[in-house]
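Engineer: Model the structure of this input:
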Amino acid sequence: QVQLIETGGGLVQAGGSLRLSCAASGRTFAAMGWFRQAPGKEREFVAAIKWASGSTYYTDSVKGRFTISRGGAKNTVYLQMNNLKPEDTAVYFCAAKSILISTQSLLNLNYDYWGQGTQVTVSS
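Structural biologist: Presented below is the predicted three-dimensional model:
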């Protein structure tokens with residue numbers, strides 16, 4: 001059974017940093033991503049990484065501030081978040097794709113597996 005477990009959320013002041021981790025068990029994946037959902041808003045793409053190549057992709061609002069990476073342990077992905085802003089406040093979800101059809105598919109919600117989410121709160 002596949003499980004994605006996110007850790008690392010919390011409360012931080014604007015300008016601070018947090019590092020989210022996602023440990024996946026059960027199998028390997030073609031790609032993994034991070035999404036977020038703020039209260040009253042739809043879930044949105046944040047970042048993704050292709051597992052084989054290590055190629056990374058970001059939504060414009062986090063470019064230059066967030067970094068997605070894969071760890072030494074199998075199926076572990078990180079999201080380093082620097083210079084956090086109040087508008088980054090959301091529940092952050094880790095997701096995994098079994099098969100990668102296209103790069104564009106990384107940006108939508110059509111992932112095969114999802115974590116339970118971890119809360120990130122940025123105070124002003």
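
Engineer: List the buried residues of stretch 90-102.
Structural biologist: Applying a neighbour-count criterion of 16 or more other CB atoms under 10 Å, the buried positions in stretch 90-102 are Ala90, Val91, Tyr92, Phe93, Cys94, Ala95, Ala96, Lys97. C-beta: built from backbone N, CA, C; applies to glycine.

Engineer: Who does the third one form a beta bridge with?
Structural biologist: Beta-bridge partners recorded for Tyr92 (DSSP bridges): Arg36, Thr118.

Engineer: Tell me the pLDDT of it.
Structural biologist: Turning to Tyr92, the model gives it a pLDDT of 98.

Engineer: I'd say it and Leu20 touch.
Structural biologist: Yes: in this structure Tyr92 lies within contact range of Leu20 using CB atoms under 8 Å: 5.8 Å.

Engineer: list residues touching both of the two?
Structural biologist: With contacts defined as CB atoms under 8 Å, 6 or more residues apart in numbering, the residues adjacent to both Tyr92 and Leu20 are Glu6, Gly9, Trp34, Leu79, Thr118, Val120.
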